[in-house]
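Colleague: sequence plus predicted model, see below.
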Amino acid sequence: MRPDRLAGLPPESWRGGAVPPGAAAPETPPREPPSLFGEVLDWMLAPLLWLWPMSLAITWLVAQGIANGPYDRDLGDRTRSLAREAAAAVAQAEPTPKRVRIELERAARVVLTVDEDDVYYFQVLGRQGELLAGEAGLAVPADDTQPAGRLRFRDDVIGDQQVRVAYLWLAGVPGPDSDALVQVAETLGKRSQLATEIVKGVILPQFVILPVAVVLVWFALKRGFRPLVNLQQRIRRRDSTDLSPIAEGDVPEEVVPLVRAINELLQRLDKTVSAQRHFLADAAHQLKTPLAGLRTQAELTAREIDSGRADAATMKHSLRQIAISSQRAAHMVNQLLAMARAEDTGLAARHQPVDLAAVVRAVVRDLVPRALERGLDLGYEGPDARAADGTRMRVLGESVLLGELVRNLIDNALQYTPRGGSVTARLRADSDGRAVVLQVEDSGPGVPAAEREMIFKPFYRMLGTQVDGTGLGLAIVQEVAQRHGAQVMVADVRPRTLPGPMAGEVAAAAPAPPGALFTVSFPGLAVSADPAAPSSATG
């Protein structure tokens, strides 16, 4: 059948899983979450349902044993009485088969009284195994290991009736070939009736107890789960902005670890939300400046046009200021987006091996024009593109975020380095080859020791500088480094010179700025850089 002919048929008639064009595949219904209450109830009631039939079977077996006890004693007494009569008949001076049979039948009528519920059978065999009297259908027992005179019992069948048989050998060495055998069999009517009464007496109360037990278990579970229901209602009644810890006073002991874990999560979430609020407030405040500049320049340009004093030079200046303000706003927005990407925890699951040397080289190439515009010497030291695969610096991460880290480090160095200075991006392996080390060195004023922790906070700028920036670059560097398990350190390139009389005549000359050295150490993958063959790209 062609696919176009499937469109008018119900889904169950599509063969081979075919779906007509334009038709959506049937969705799998969502699976319901498991119920803890139902699972506990199942585990408590299932053993009861399994044990109840076992209890019936065990009770029946026990009832059979109880019922056999008194009736076996009565049957044994009858057998012994008949055995005494048989012994006397066999021991006569001149016993004849007919006389012995008459005597035994008379004794059997006396011993085996008529019973309305059961039928008795007896059998007496002579010394040679001949039938002296009684039922010929009773089988001769095969066991001859027990001493004569000891009463024994067994279950047997006469015709189609189940019977209980009591038997004993009269005297001498036991065995069917040497002694007389007396057997008395009784049907199982009274025994079955008594066993049934015992079972009824035990089982019938269980029919009442079992439903009551189920109801009690259900109510016990409802009461036991009530604190969880109360906890659920307390959490649902909370406002979406309420991140305070959940009280543990009325929480069951088994649920306290879960509540503590939730409180720890709420605490971390509260810190994250507070940081986001602070970040958004700072971002809004920072965006006001370029946006206000855009509005001011636009208003000034409109006034110049309205007054008729707008010449080409004035218009060009106004447009240049508008372009600068819009560029600042765009840079701020890009920095904010980069910060948001760096804080995205989902990117950690997409980490892949990245050639960090290629990333650094690409960023340096992109920033060379800016370095030339500012009159700076931008260089790169590390493996080049012609190096073999074994010499590449590989780290596990996300290439876009690593590019943002490198770009912000170099951009920060370019901003703080005065004209005529130099900036170098250096990539190497550490001494044991287990890490990749990225260094960005500049010849600027450096970072004072008191501010080396503050510069990594969002929107922080060093005091006493006239650099136009957003204050987000190094915060992005720190966030990306943390997402990649890297460490960021900052130090001076050269020791700081203390000017004054102690420096002598040398102090009269302007000391060289200390410069800043930012070092990022990444866990490496198959690091095998060749330090003897560095390459350089200078702008």
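Modeller: Received, thanks. Here the structure is a predicted model, which means the values were calculated and not measured. Numbering: from 1, shown residues only.
Colleague: can you give me the domain boundaries for the protein?
Modeller: As recorded under automatic domain parsing, the domains making up the chain are 39-196, 256-341, 347-496+511-536.
Colleague: and the ones you listed: which comes nearest Ile235?
Modeller: domain 256-341 (8.4 Å; C-beta to C-beta). (Glycine included, C-beta is placed from N, CA and C.)
Colleague: sorry, back to before: okay, the domains of the chain, which one's buried deepest?
Modeller: domain 347-496+511-536 (a mean of 18; mean count of other C-beta atoms under 10 Å).
Colleague: which of the domains of the chain has the lowest mean pLDDT?
Modeller: The minimum mean pLDDT among those belongs to domain 256-341 (a mean of 75).
Colleague: hang on, the earlier thing: could I get the domains of the chain as CSV with distance to Leu231?
Modeller: Below are these laid out as CSV (distance: least, C-beta to C-beta, whole Å):
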stretch, distance to Leu231
domain 39-196, 17
domain 256-341, 7
domain 347-496+511-536, 32
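Colleague: among these, which is nearest Pro227?
Modeller: domain 256-341 (10.6 Å).
Colleague: give me the element Ala67 is part of.
Modeller: If you go by DSSP states H and E, Ala67 is part of helix 36-90.
Colleague: and that helix, how far out from the chain's middle?
Modeller: Distance, stretch centre to chain centre, for helix 36-90: 50 Å (C-alpha atoms, centre = their mean, to the nearest Å).
Colleague: starting from that helix, tell me the next helix or strand along the chain.
Modeller: Next element after helix 36-90 (DSSP H and E): helix 97-111.
Colleague: can you give me the angle the helix or strand just after that following helix makes with helix 97-111?
Modeller: Next helix or strand after helix 97-111 toward the C-terminus (DSSP H and E): strand 120-125. With axes from the mean of the first three to the mean of the last three C-alpha atoms, to 10 degrees applied, the angle from strand 120-125 to helix 97-111 works out at 150 degrees.
Colleague: angle of strand 120-125 against helix 36-90?
Modeller: Going by the same axes, to 10 degrees, strand 120-125 makes 50 degrees with helix 36-90.
Colleague: please name every helix or strand in contact with the helix or strand following strand 120-125.
Modeller: Next helix or strand after strand 120-125 toward the C-terminus (DSSP H and E): strand 131-134. Applying 3 or more C-beta pairs under 8 Å, 6 or more residues apart in numbering; DSSP states H and E, one finds that strand 131-134 contacts helix 36-90, helix 97-111, strand 120-125.
Colleague: 7 Å - rerun?
Modeller: Packing partners of strand 131-134 (3 or more C-beta pairs under 7 Å, 6 or more residues apart in numbering; DSSP states H and E): helix 97-111, strand 120-125.
Colleague: ok, and what's touching the first one?
Modeller: Counting contacts by C-beta atoms under 7 Å, 6 or more residues apart in numbering, the residues outside helix 97-111 that touch it are 78, 81-82, 85-86, 89-90, 122, 124, 132-133.
Colleague: farthest-separated two in those residues?
Modeller: So, these by C-beta to C-beta: farthest apart are Arg78 and Val90, at 18.5 Å.
Colleague: distance to Ser325 added to the helices and strands packed on strand 131-134, as JSON lines?
Modeller: Putting the helices and strands packed on strand 131-134 into JSON lines (distance: least, C-beta to C-beta, whole Å) gives the following:
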{"stretch": "helix 97-111", "distance to Ser325": "128"}
{"stretch": "strand 120-125", "distance to Ser325": "121"}
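Colleague: nearest to Leu319, out of those?
Modeller: Here strand 120-125 is closest among the helices and strands packed on strand 131-134 (C-beta to C-beta), at 128.6 Å.
Colleague: export that closest one to CSV, keeping only CA atoms.
Modeller: Output in CSV follows, covering the C-alpha atoms of strand 120-125 (Å, rounded to 0.1, in the frame of the first residue of the first chain):
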residue,chain,number,x,y,z
TYR,A,120,-14.3,-51.2,59.7
TYR,A,121,-12.5,-54.0,58.0
PHE,A,122,-10.3,-56.6,59.6
GLN,A,123,-7.9,-59.3,58.5
VAL,A,124,-6.2,-62.2,60.4
LEU,A,125,-3.5,-64.2,58.6
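Colleague: now the helices for the chain?
Modeller: Counting by DSSP state H, the chain has helices at residues 36-90, 97-111, 189-224, 226-236, 256-307, 312-342, 356-373, 399-416, 473-483.
Colleague: so Phe122 touches Leu181, yeah?
Modeller: No. Between Phe122 and Leu181 there is no contact under C-beta atoms under 7 Å: 11.0 Å.
Colleague: before we move on, the earlier item: right, and the domains of the chain - which one's nearest Asp242?
Modeller: Closest among the domains of the chain, using C-beta to C-beta: domain 256-341, at 9.1 Å.
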